[in-house]
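**Q** Got a sequence here, can you model it:
(one chain, ligands or ions: 1)
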Amino acid sequence: MEKAYDPEDFRERGHRLVDELADHLADKLSGESGKAIHWNEPEEELQFWQKFLANGDKNALFPEITKRITHIHHPHYIGHQVSPTAPITSLTAMISGLLNNGMAVYEMGMAPSAMERVVTDLLCKKIGYGDLSGGFLTSGGTLANLTALLTARRMNVDSDIWNGGMHHQLGIMVSEEAHYCIDRAAKIMGLGEDGIIKVPATQDYRMDTGLLEKKYREATAKGVHIFAIVGSAPSTATGMFDDLGAISAFAENKQLWFHVDGAHGGAAIFSDKYKGLLSGIEKADSVAIDGHKMLMMPTITTALLYKKSSHTNATFSQKAEYLLTESELEDWCNSGKKTFECTKTMMSIHWYTLLKMYGEEVFNNFVTHLFDKGTEFAEIISTHPNFELAVNPMCNIVCFRYVDKDLNQEQLNQLNAGLRKQLLEEGEFYIVQTKLKSVHYLRVTVMNPFTTRTHFQRLLAKMLTWAERTGPWALL
Ligand SMILES: *Cc1c(COP(=O)(O)O)cnc(C)c1O
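**A** So this is what the prediction gives:
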């Protein structure tokens, strides 16, 4: 036990680890080692770690972990929407790890609780909220969306469901293209299938706001009491932003709670060039923004911001006395009353540190640059006869596929799935895939500011070679 707490052992391992991680970072950022992922089959990986626990060399532990992962900092990593962390936030993660204040109450996280207030106040201002706004940080977009919908139900449904249970059918409205966690939140809340009013998407995968009135009427005619509507900024699969202005006007008209799922693109509040995509966000009752997606931070930290900060106290209050005044103000620092979590990490220090060290401008640069890169990649795709975009991208998420006029839809689906499988197993690039209206697309999210046009071209050249030289069927 004493060894486990030995400060000198920590110092020595820590220095060595920082050196190793800095080397790793330099290598990955430059793309020198060539691979974005060293793919192993799950069973193979499991066996390795089972054996390692028994026989592995202790000093090889950290290097092995570092090697056997997906390399988010590699410029060929253009897969899921996870940030290549700004290295300094791995240091703040270490601070949080060692100091380990539990945050639920002010006494267990004085500095990070105050920092959380500073950061969430700043985010509210960037959204365009007024003085009554406020928010908190929580563990992920999924949890933030669920929390916001719970607040919505508390504020917008007359009966006290929290204490009395649910006695009639409640519902929310959301685009069919929204992230699956909205469905999950609704199901957790007991709304069931009937309580999830799916608004169809347009050809370009945005919520068809022209159908809102019709969908609302159909559901209310069946006795569903709709209390909230969710806008996606953007939706995950295609990266298309819903028209937040139109949704907010509808929400206001029907007196619905308007929540914006800005897990990915809410970060555009910092982008001078792209903040227009979020026009109308300032009218939302609540907004979720992930720090670990477009804001350079480690998993997992999400800001949930409210137009009225008093609502943050309503969600989980046991009694109906939540619209407190003075005590509510006193209570800004006890975040556990507002969050799903009791204990959470000291996540505010990532946000605060980035703002302190590099200023808001770093977020403006990061978001703007990556959204620009999405357009650049799409331009390359659209000029090539053998590739096709699913839709012109609005941000750094791009869905595309290989096409060949001699193949039918099913063959193309198989071919594109085969291309993605071969990419994964070979590992030089990491991209993902998605199905849109039964069509198999390859999906890229440009997350690394050091990914260049040359990298895009190399990816496409590689896929062309495989598809053409080996013949499509050889890939399957
Ligand atoms: C990623 C994402 C989520 C889920 O957020 P987590 O932080 O992974 O829980 C929710 N909504 C959208 C639109 C997303 O892109």
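
**Q** residues touching the one residue in the stretch 101-250 of the chain that gets nearest to the ligand, list them.
**A** As assessed by Cβ to the nearest ligand atom, the ligand sits closest to residue 141 within the stretch 101-250 of the chain, at 2.5 Å. Every residue, glycine included, has its C-beta placed from N, CA and C. By Cβ atoms under 8 Å, 6 or more residues apart in numbering, the contact list for residue 141 reads 179, 181, 261, 263, 288, 290, 293, 302.

**Q** In space, what's closest to it - neighbours in sequence excluded?
**A** residue 263 (3.3 Å; Cβ to Cβ, 6 or more residues apart in numbering).

**Q** Same check on residue 390?
**A** Nearest one to residue 390, counting by Cβ to Cβ, 6+ apart, is residue 399 at 3.8 Å.

**Q** one step back: in strands, which of the contacts of residue 141 appear?
**A** 261, 288, 290, 302 (DSSP state E).

**Q** so where's the stretch 351-476 of the chain uncertain?
**A** Low-confidence segments of the stretch 351-476 of the chain, defined by pLDDT under 70: 469-476.

**Q** That one: helices as residue ranges?
**A** Ranges of helices in the stretch 351-476 of the chain, per DSSP state H, counting those that start in this stretch, are 361-382, 409-426, 453-464.

**Q** highest average neighbour count across these?
**A** Among the helices of the stretch 351-476 of the chain, the stretch with the highest mean neighbour count (mean count of other Cβ atoms under 10 Å) is helix 361-382, at a mean of 19.

**Q** returning to that earlier point: for the residue nearest to residue 390, give me its contacts.
**A** 237-239, 389-391, 393, 434, 436, 441-444.

**Q** Likewise for residue 85?
**A** With Cβ under 8 Å, 6+ apart, residue 85 has these contacts: 72, 73, 296, 297, 298.

**Q** Report the two of the residues you listed separated the most.
**A** Farthest pair in the contacts of residue 85 (Cβ to Cβ) is 73 and 297. Separation: 13.8 Å.

**Q** which of the two has more neighbours?
**A** Legend: neighbour count by other Cβ atoms under 10 Å for residue 73 and residue 297, higher for residue 297 (25 against 21).

**Q** average pLDDT for the one helix or strand residue 97 maps to?
**A** Following DSSP states H and E, one finds residue 97 within helix 88-99. Across helix 88-99, pLDDT averages out at 97.

**Q** what does the stretch 1-150 of the chain put close to the ligand?
**A** Contacts of the stretch 1-150 of the chain with the ligand, taken as Cβ under 6 Å from any ligand atom, map to 81, 140, 141, 142.

**Q** List the contacts of the residue nearest to residue 237 when sequence neighbours are not counted.
**A** Nearest residue to residue 237, sequence neighbours excluded (Cβ to Cβ, 6+ apart): residue 434, at 4.7 Å. Counting by Cβ under 8 Å, 6+ apart, residue 434 touches 237, 238, 399, 441, 443.

**Q** and if we set it to 10 Å?
**A** Contacts for residue 434 (Cβ atoms under 10 Å, 6 or more residues apart in numbering) come out as 236, 237, 238, 390, 397, 399, 440, 441, 442, 443.

**Q** Just say helix, strand or coil for the first one.
**A** Looking back up the chat, that one is residue 236. For residue 236, the assignment made with DSSP: H, G, I helix; E, B strand; the rest coil gives coil.

**Q** how far away is it from residue 56?
**A** 37 Å (Cβ to Cβ, to the nearest Å).

**Q** Comparing these two, which residue is more hemmed in?
**A** Each of residue 236 and residue 56 has its neighbours counted (other Cβ under 10 Å); residue 236 has more, 24 against 13.

**Q** Just give the closest residue to the more buried one, not the sequence neighbours.
**A** Using Cβ to Cβ, 6+ apart, the nearest residue to residue 236 is residue 179, at 4.7 Å.

**Q** same deal with residue 342?
**A** Take residue 342 and drop its neighbours on the chain: the residue closest to it by Cβ to Cβ, 6+ apart is residue 104, 4.9 Å away.

**Q** And residue 20, how far from the ligand?
**A** Note on residue 20: its distance to the ligand, by Cβ to the nearest ligand atom, to the nearest Å, is 28 Å.

**Q** What angle do helix 88-99 and the helix or strand that contains that residue make with each other?
**A** Following DSSP H and E, one finds residue 20 within helix 7-30. Helix 7-30 and helix 88-99 are oriented at 160 degrees to each other (axes from the mean of the first three to the mean of the last three Cα atoms, to 10 degrees).

**Q** Export helix 7-30 to CSV, keeping only CA atoms.
**A** Extracted in CSV, the C-alpha atoms of helix 7-30 (Å, rounded to 0.1, in the frame of the first residue of the first chain):
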residue,chain,number,x,y,z
PRO,A,7,5.5,10.2,-4.3
GLU,A,8,8.9,9.4,-5.7
ASP,A,9,7.6,6.4,-7.6
PHE,A,10,4.9,8.7,-9.0
ARG,A,11,7.4,11.4,-10.0
GLU,A,12,9.6,8.9,-11.8
ARG,A,13,6.8,7.1,-13.7
GLY,A,14,5.1,10.4,-14.4
HIS,A,15,8.2,12.0,-16.0
ARG,A,16,8.8,8.9,-18.0
LEU,A,17,5.1,8.8,-19.1
VAL,A,18,5.1,12.4,-20.1
ASP,A,19,8.2,11.8,-22.2
GLU,A,20,6.6,8.7,-23.8
LEU,A,21,3.4,10.5,-24.5
ALA,A,22,5.1,13.5,-26.0
ASP,A,23,7.1,11.2,-28.3
HIS,A,24,3.9,9.4,-29.2
LEU,A,25,2.1,12.8,-29.9
ALA,A,26,5.0,14.0,-32.1
ASP,A,27,5.0,10.8,-34.0
LYS,A,28,1.2,10.6,-34.5
LEU,A,29,0.7,14.2,-35.4
SER,A,30,3.3,14.0,-38.1
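
**Q** Which strands and helices lie in contact with the helix or strand just after it?
**A** Sequence order places helix 42-55 as the next helix or strand after helix 7-30, per DSSP H and E. Counting contacts by 3 or more Cβ pairs under 10 Å, 6 or more residues apart in numbering; DSSP states H and E, helix 42-55 packs against helix 61-67.

**Q** Tell me the buried residues in the helix it packs on?
**A** Within helix 61-67, no residue counts as buried by 16 or more other Cβ atoms under 10 Å.

**Q** cool, and stretch 283-302?
**A** 283-302.

**Q** still on that earlier bit, now distance to residue 380 too, for the contacts of residue 434, in JSON lines please.
**A** Output for the contacts of residue 434, formatted as JSON lines (distance: Cβ to Cβ, whole Å):
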{"residue": "236", "distance to residue 380": "23"}
{"residue": "237", "distance to residue 380": "21"}
{"residue": "238", "distance to residue 380": "18"}
{"residue": "390", "distance to residue 380": "15"}
{"residue": "397", "distance to residue 380": "15"}
{"residue": "399", "distance to residue 380": "14"}
{"residue": "440", "distance to residue 380": "20"}
{"residue": "441", "distance to residue 380": "16"}
{"residue": "442", "distance to residue 380": "14"}
{"residue": "443", "distance to residue 380": "16"}
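
**Q** The helix holding residue 97 packs against which elements?
**A** Using 3+ Cβ pairs under 10 Å, 6+ apart, helix 88-99 is in contact with helix 7-30, helix 110-127, helix 348-358.
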